[in-house]
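Trainee: Attaching a predicted model along with its sequence, questions to come.
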Number of protein chains: 2
Amino acid sequence: MIEEKGILFILSGPSGVGKGTVRKELFEQDTDLRYSISMTTRDIRTGETDGIDYFYKSKSEFESLIEKGQLLEYAQYVNNYYGTPREYVERTLAEGHDVFLEIEVKGALQVKENFPEGVFIFLFPPSLEELKNRILSRGTETQDLVLNRLKEARNEIEMMDAYDYVVVNDHVDHAVEKIQSIIQSEHCKRERIAKQYKQLLEDELK
Amino acid sequence: MIEEKGILFILSGPSGVGKGTVRKELFEQDTDLRYSISMTTRDIRTGETDGIDYFYKSKSEFESLIEKGQLLEYAQYVNNYYGTPREYVERTLAEGHDVFLEIEVKGALQVKENFPEGVFIFLFPPSLEELKNRILSRGTETQDLVLNRLKEARNEIEMMDAYDYVVVNDHVDHAVEKIQSIIQSEHCKRERIAKQYKQLLEDELK
C-alpha cells in the first residue's frame, strides 16, 4: 500500500570474522534482497555475464566514473580496479529493493562517506582467540601473516564507531537472524515512512 | 557474555488501533519482556496483589512522587491517580530486562519527555475506514462518540513525529513480528554496545 524506496545495507567487519558465510546464509533465507554488483576493469572470464557477475569497464571508463563520484568505493588490486557503482545501487533502491553489500572495513568507510544514508552493520568476532583460530584454519597464511591480520583486526574494531549496528558472529544462524531483524526494523523507522503514512490518510479524507 | 541494560519500549497509537491485542500476542511469544507495572491511588480489590497488579499508594504519597519527578507519566480518572513509576522501570532495566509499556498517545508523549531514551513505537491503523469499523464493533459507543474518536485519532496520528518507529497493524501477527524485530535490532545498536564490546577485547589482551 506504500511505495517504499529500498535501503542499502552494508555488512562489514575484520578479516576472518565470517562475513561471507553470514552473507551466503542470509541470501538463502531472504530472496528479496539484491546483491550489490561490483564494477571491474579486469577481463571478463568464460561463464561470466556483464551486469550479473560484474559490470566490466575499461580503465579509462572506470577512471572517468571515479572522477564523477560515480563509485561508492573502489580499490586497485594487481593493476585492476574493483568498485561499487553508485548508479546500479541507486536504481535498484528506487525500484523498491534493498541492496546488500558485503565488504571489508576500508571499503565500508569509503561507502559511509559517499552514501551516509546506508545502514552499516559491523560483524564482531566472539573473541580474538576465535578470530585467530578462524584465520589459522584457512591454512593459507604463515604465522607472521596471522599476527599481522590480528593486529589489523584490532585496528578495524576501532572503526566500529562509524557503524549503526554491531552483530556478534557467535553463531551464523544468530547473526543472520539479527541482520534480518535490522532489515525489517529499519523499514519501520518513523523518519522513513511517517510522511507517506500521513499522506495515505489525507488521501482517504478527500 | 555482555551485561546489557534493558530497554524501555513504549507501544502507543490511536484509540481503536488494537494496541491491547498486539501487546497480548507479543507477551505470549516473548517471555523475556517485563510489563511496566502501574501505580494507582484506587483501593486494592479482592484478588489483586500490590506490586503485581498495581503499586497501591495513598493520594498524598502519589502527589509527593509527582513532585519528585518519580512518575514517567500520570493521569487522573474519577478522583484517582494512575501512572508509571520511574523507580520500578529503572530497577527492572538495570537488572537487564526489557520493559514494555502499552499506553495511549497522551501518556506516551509524557513518557517521551521524562524518559527520552525509551524506544517509541506508533501502531498505525491500516486505514481510517478500518479504524472506524474497529471502534464501531465495540458496540459501546454512540455515533457521535465514534466521530469524536475518529477526529481524536487523526490528531493523534499527527503526533507520530515524536516516535522512533511506525508499525502498521494490518494483521496482528505482522505487527508482532515487526515489534520483535525492533526489540532485537535495538539491542544491536552500536551506541548501546560498542563500548562494552571494545572492553571485552581489551580484557582479552591483558
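Mentor: Nice, I can see it. Residues are numbered from 1 along each chain as shown, chains lettered A, B, ... in the order given.
Trainee: which sections of chain A are below the confidence cut-off?
Mentor: For chain A, applying pLDDT under 70 flags the ranges A:1-2, A:139-141, A:205-206.
Trainee: ok, which residues in it are in contact with chain B?
Mentor: With CB under 8 Å from any CB of the partner chain as the criterion, chain A comes near chain B at residues A:1, A:121-122, A:124, A:126-129, A:154, A:157-158, A:160-161, A:163-168, A:177-178, A:180-182, A:184-186, A:188-190, A:193-194, A:197-198, A:200-201, A:204-205. C-beta coordinates here come from the backbone N, C-alpha and C atoms, glycine included.
Trainee: in chain A, which spans are helices?
Mentor: Along chain A, the stretches classed as helices by DSSP state H are A:19-29, A:59-67, A:86-94, A:105-114, A:128-137, A:143-158, A:172-186, A:190-205.
Trainee: For the second one, buried residues please.
Mentor: For helix A:59-67, the neighbour count (16 or more other CB atoms under 10 Å in any protein chain shown) marks A:62, A:65 as buried.
Trainee: Count the residues that sit near the closest residue to residue A:26 other than its chain neighbours.
Mentor: Among residues not flanking residue A:26 along the chain, residue A:176 sits closest, at 5.0 Å (CB to CB, 6 or more residues apart in numbering or on different chains). Close neighbours of residue A:176, defined as other CB atoms under 10 Å in any protein chain shown, add up to 22.
Trainee: okay, now the domains of chain A?
Mentor: Residue ranges of the domains in chain A are recorded as A:1-33+A:98-206, A:37-97, according to automatic domain parsing.
Trainee: mind checking how far the longest one is from the chain centre?
Mentor: Read it as domain A:1-33+A:98-206. The offset between the C-alpha centroid of domain A:1-33+A:98-206 and the centroid of the whole chain comes to 6 Å, using CA atoms, centre = their mean, to the nearest Å.
Trainee: Ok, the shortest one next?
Mentor: Domain A:37-97 sits 14 Å away from the centroid of its parent chain (CA atoms, centre = their mean).
Trainee: any idea how far residue A:147 is from residue A:123?
Mentor: If you measure residue A:147 against residue A:123 using CB to CB, to the nearest Å, the figure is 21 Å.
Trainee: more crowded one of these two?
Mentor: Under the neighbour definition other CB under 10 Å, residue A:147 and residue A:123 were set side by side, and residue A:123 has more, 24 against 13.
Trainee: could you dump stretch A:147-155 to CSV, C-alpha only?
Mentor: Listed next in CSV are the C-alpha coordinates belonging to stretch A:147-155 (Å, rounded to 0.1, in the frame of the first residue of the first chain):
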residue,chain,number,x,y,z
LEU,A,147,49.7,-12.0,13.7
ASN,A,148,49.6,-9.1,11.2
ARG,A,149,46.0,-10.0,10.4
LEU,A,150,45.1,-9.9,14.1
LYS,A,151,46.8,-6.6,14.6
GLU,A,152,44.8,-5.3,11.6
ALA,A,153,41.6,-6.7,13.0
ARG,A,154,42.2,-4.8,16.3
ASN,A,155,42.6,-1.6,14.3
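Trainee: which of the residues in stretch A:38-45 are buried?
Mentor: Along stretch A:38-45, the positions that meet the burial threshold by neighbour count (16+ other CB under 10 Å) are A:38-41.
Trainee: Same question for stretch A:169-189.
Mentor: Of the residues in stretch A:169-189, those buried under the neighbour-count criterion (16+ other CB under 10 Å) are A:169, A:175-189.
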